[in-house]
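[1] sequence-free structure coming up:
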């Protein structure tokens, strides 16, 4: 059963960050699904992507929208909540309840805003480990995540090698490449140069009501990287908006209306500062940063890896994942790592949308002892 429960935990202790800065205290919001067995051997940690949250599956009372991975997590689904106890944490920096740039800074009694420290994937994973220890979770059957969530899963495997038996990574990478950083640059520049951003001192309620053009434009650019030319052809073709004239200067194709819908609506549900901080976190991610080679970085891993890439992923192409598998083969540890490339023209977001193409691989990985 799903048994959706939401929790919050405050830590009145410092979190020492990779940058050298310190969060004197912090809060994490999390959600659980299913039931924990007696020996706590059925825990699956789900890590969310850039704009995701702790709300993975099911829906809240009075709401129609389901969690972002509802197609995969639930009763008799790929991550079966009749068998597994699933937990997902809103990462530090997120605008969905955990400590972020909009939180109150101890000592000043004001919101951090741009005084909030730059976070790394390692920082958010370390914070989650602290939460799990508080909840009595010392081991997990598996850690699973896609995109930014996959980066977290890889960090769990490298930095806390005894934590999980299985690590399942989808549509992700061991380091963010220039192509992805370039798309993020558009969003960063658009946000910080929007007069309504006010150097990070915007009014939250105004943004939620009216949006922020800079974030809207950045999100439009992001959506181009999330899809694939073939999926755009299939989804939109050259269909023209029925309400617009073909020879009107600002008449729109269907793909235009799609970009507008996703762009202009986004700032009303996601905070600009959170977007900047999490994008920075993604840009600087590189699991080899403290090692000489990728092989050195991956060597500490003890869990079994399942790597799932998508052929049409432009943001994190299959090579970003297959290189990890190749290194395991070179180390003579091929049995510890499985690589699967899904034939897909959808694009990066296939890991959220085309669940029927890969849920059987998730099930198979979770069934391994």
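    Now that the structure is in, tell me what you want to look at. For clarity, every value in this text was computed on a predicted model and none was experimentally measured. Residues are numbered from 1 along each chain as shown.
[2] any idea where the helices of the chain begin and end?
    Listed in chain order, the helices found in the chain under DSSP state H are 121-134, 148-159, 178-192, 204-210, 213-226, 229-235, 254-265, 272-283, 294-298, 319-330, 350-353, 359-367.
[3] If you count contacts, what does the second one end up packed against?
    With contacts defined as 3 or more C-beta pairs under 8 Å, 6 or more residues apart in numbering; DSSP states H and E, helix 148-159 has these neighbours: strand 43-47, helix 121-134, strand 140-146, strand 164-170, helix 272-283. From N, CA and C alone the C-beta is placed, and that goes for glycine too.
[4] Kindly reformat the ones you listed as CSV containing distance to residue 86, mean neighbour count and mean pLDDT.
    Output for those, formatted as CSV (distance: least, C-beta to C-beta, whole Å; neighbours: other C-beta atoms under 10 Å; pLDDT from 0 to 100):
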stretch, distance to residue 86, mean neighbour count, mean pLDDT
strand 43-47, 5, 27, 99
helix 121-134, 13, 20, 98
strand 140-146, 9, 27, 98
strand 164-170, 13, 25, 98
helix 272-283, 22, 22, 98
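[5] Reformat the ones you listed as JSON lines; add distance to residue 177.
    JSON lines is the format used below for the helices and strands packed on helix 148-159 (distance: least, C-beta to C-beta, whole Å):
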{"stretch": "strand 43-47", "distance to residue 177": "20"}
{"stretch": "helix 121-134", "distance to residue 177": "15"}
{"stretch": "strand 140-146", "distance to residue 177": "17"}
{"stretch": "strand 164-170", "distance to residue 177": "16"}
{"stretch": "helix 272-283", "distance to residue 177": "10"}
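[6] can you tell which of those is closest to residue 102?
    helix 272-283 (6.5 Å; C-beta to C-beta).
[7] quick one: contacts of that closest one?
    The list of residues contacting helix 272-283 from outside it, by C-beta atoms under 8 Å, 6 or more residues apart in numbering, reads 50-51, 91, 93-95, 100-102, 113-114, 116, 118-121, 124, 148, 151, 176, 180-181, 184, 187-188, 191-192, 197, 200, 202, 207, 212, 214-215, 218.
[8] one more time with 7 Å
    Residues outside helix 272-283 that contact it (C-beta atoms under 7 Å, 6 or more residues apart in numbering) are 50, 93-95, 100-102, 113, 116, 118-121, 148, 176, 181, 184, 187-188, 191, 197, 200, 207, 212, 215.
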